[in-house]
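Q: Below are the sequence and a predicted model for it; my questions follow.
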Amino acid sequence: MPEQMQALVLVKTSGDEWKPGPKTWHPIQVKDVPVPTPKEDQVLVKVLAAAFNHRDVFQRQSLYPGTIFHADSAPSILGADAVGIVVSPGHHLSNKRVLVAPAVNWLKDPSGPDVPGKQFGILGSVKQTDGRGTFAEYVVVGKDDVIECPEHLSVAEAATVPLGGLTSYRATFTKANVKSGDNVLITGIGGGVAILALQFCVAVGANVWVTSSSPAKIKRAQELGAKGGVNYKDADWPKQLQKMLPSSRPFLDAAIDSGGGPLGTQLIRLLRDGAIISCYGQTTMQPLDMPMALVLKNVEIRGSTMGSREEFFSAVKLIGEKKIKPIVDSVLNGLGEAEKGFQLLKEGGQFGKVGLTSLR
């Protein structure tokens, strides 16, 4: 086992003139750091591939809580997604390909994090996980925080599963209670979470419609099983969507949303009594509205973020059982290519996830 490894670390912008926001862009560097030594309740995983999430961009803008910066005595390694090989001996998954649970201190309670005295956190340059991240040759994780990778997934596909799969599974099933025959709207199709939510819904027999500002993304969604889609920049998109719904069930049972803003008002005529809006983000930077008309229809708005280890394992098992193949937009080769991945996410034109292989 080597003593040193390469890792992508987050470095604080020099000076004191920067402030959190989209104009800030903290540097990243490929550094040689010590290979971590697992504790008794941990295993060492050799990373085969990793993947980007929007939180990585937010961290470079100082818009993600708990973010820490690199120091030689305390590395701050980016990345939450990984597929790898357990190299620690004696583990039941030793020498097998595994997916790494992206979070800690949330085991199974559907209500929220459930480890007393310990703070929930995500891998990748945050204090809650001691700066451990997956953009490195090796990562140390809890011995119970790995699950065997479904055989049908390529390395690049597998790497994109953890955080997006966990987030979409919780938003779709734990929160929105999606089941066979339901009519579901997924907003902002194109990102990894929304696409996996679409694939999950289709896999269990739900009917899905999507929104996007891109006709090309709507077409791609239809190829993945969506019944149709509307351009959310059209002022009358709710009316367009209403005409697409089946005459036998001309309403929505659930909406899975990442945008926030006036969605509640826009869906007043479309949501059935008791429908659920499952919101896992607010990219409009505006709170999701709750007009009185939705109150009178007993509509529920449910916030959803990340999820438990049990939900992560359930997501992976569903992907394996239904042979779901996550959509990969781009695959970059080596840590030196990482900046390209950040720029792809900043531009927002991708359909699916951005992966990173050969982590040297």
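A: Structure's in. What do you need?

Q: which parts of stretch 261-269 are buried?
A: Neighbour-count burial for stretch 261-269 flags G261, L263, G264, Q266, L267 (criterion: 16 or more other CB atoms under 10 Å). All C-beta atoms are positioned from the backbone trio N, CA, C, and that covers glycine.

Q: now the helices: where do they sit in the stretch 151-300 of the chain?
A: 155-159, 162-169, 192-203, 215-223, 237-244, 263-266, 292-296 (DSSP state H, counting those that start in this stretch).

Q: Remind me what the first one packs against, helices and strands.
A: Here helix 155-159 touches strand 42-51, strand 81-86, strand 328-333, strand 353-357, going by 3 or more CB pairs under 8 Å, 6 or more residues apart in numbering; DSSP states H and E.

Q: Identify the residue spatially nearest to R60, adjacent ones excluded.
A: Leaving aside its sequence neighbours, R60 sits nearest to H26 (CB to CB, 6 or more residues apart in numbering; 4.7 Å).

Q: before we move on, the earlier item: using CSV, lay out the helices and strands packed on helix 155-159 together with distance to F58, mean neighbour count and mean pLDDT.
A: Conversion of the helices and strands packed on helix 155-159 to CSV gives the following (distance: least, CB to CB, whole Å; neighbours: other CB atoms under 10 Å; pLDDT from 0 to 100):
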stretch, distance to F58, mean neighbour count, mean pLDDT
strand 42-51, 16, 24, 97
strand 81-86, 15, 27, 98
strand 328-333, 19, 18, 96
strand 353-357, 15, 26, 95
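
Q: Distance check, the spatially most central residue of the chain against V141.
A: The residue lying closest to the centre of the chain (CA atoms, centre = their mean) is G164, at 2.4 Å. Separation of G164 from V141 (CB to CB, to the nearest Å): 18 Å.

Q: In this structure A315 contacts A171, no?
A: No: using CB atoms under 8 Å, A315 is not in contact with A171; the gap is 10.9 Å.

Q: Of all the helices and strands packed on helix 155-159, which one comes closest to P291?
A: Each of the helices and strands packed on helix 155-159 has some distance to P291 by CB to CB; the shortest is strand 353-357, at 34.5 Å.

Q: got the angle for that closest one vs strand 328-333?
A: Interaxial angle, strand 353-357 versus strand 328-333 (axes from the mean of the first three to the mean of the last three CA atoms, to 10 degrees): 20 degrees.

Q: Kindly format the C-alpha coordinates of strand 353-357 as CSV.
A: Provided in CSV are the C-alpha atoms of strand 353-357 (Å, rounded to 0.1, in the frame of the first residue of the first chain):
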residue,chain,number,x,y,z
LYS,A,353,-24.1,13.5,-14.5
VAL,A,354,-20.4,14.3,-15.0
GLY,A,355,-18.0,11.6,-14.0
LEU,A,356,-14.3,11.5,-13.2
THR,A,357,-12.1,8.4,-13.8
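
Q: who does that strand touch, helix- and strand-wise?
A: So strand 353-357, by 3+ CB pairs under 8 Å, 6+ apart, packs with strand 42-51, helix 155-159, strand 328-333, helix 338-347.

Q: chain center to the second one, what's the gap?
A: Its chain's C-alpha centre lies 14 Å from the corresponding centre of helix 155-159 when counted by CA atoms, centre = their mean, to the nearest Å.

Q: Likewise for stretch 197-213?
A: How far stretch 197-213 lies from its chain's middle: 16 Å, per CA atoms, centre = their mean.

Q: Between the two ends of that stretch, how far is it?
A: 18 Å (CA to CA, to the nearest Å).

Q: show me the contacts for G336.
A: G336 sits next to V30 when contact means CB atoms under 8 Å, 6 or more residues apart in numbering.

Q: thinking again about what came up before, A315 and A171: who's more crowded?
A: A171 (31 against 27; other CB atoms under 10 Å).

Q: ok, the residue nearest to R60 touching S62?
A: Yes: at 6.9 Å, H26 counts as touching S62 under the criterion of CB under 8 Å.

Q: What are the boundaries of the helices in the stretch 1-150 of the chain?
A: 54-60.

Q: all strands of it, in order?
A: Here the stretch 1-150 of the chain has its strands, by DSSP state E, counting those that start in this stretch, at 4-10, 28-34, 42-51, 81-86, 97-100, 103-104, 121-122, 138-142, 146-148.

Q: mind giving me CSV with the ones you listed and columns for distance to R309?
A: Formatted as CSV, these follow (distance: least, CB to CB, whole Å):
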stretch, distance to R309
strand 4-10, 24
strand 28-34, 26
strand 42-51, 14
strand 81-86, 15
strand 97-100, 11
strand 103-104, 7
strand 121-122, 12
strand 138-142, 9
strand 146-148, 9
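
Q: among those strands, which is nearest Q128?
A: strand 121-122 (2.3 Å).
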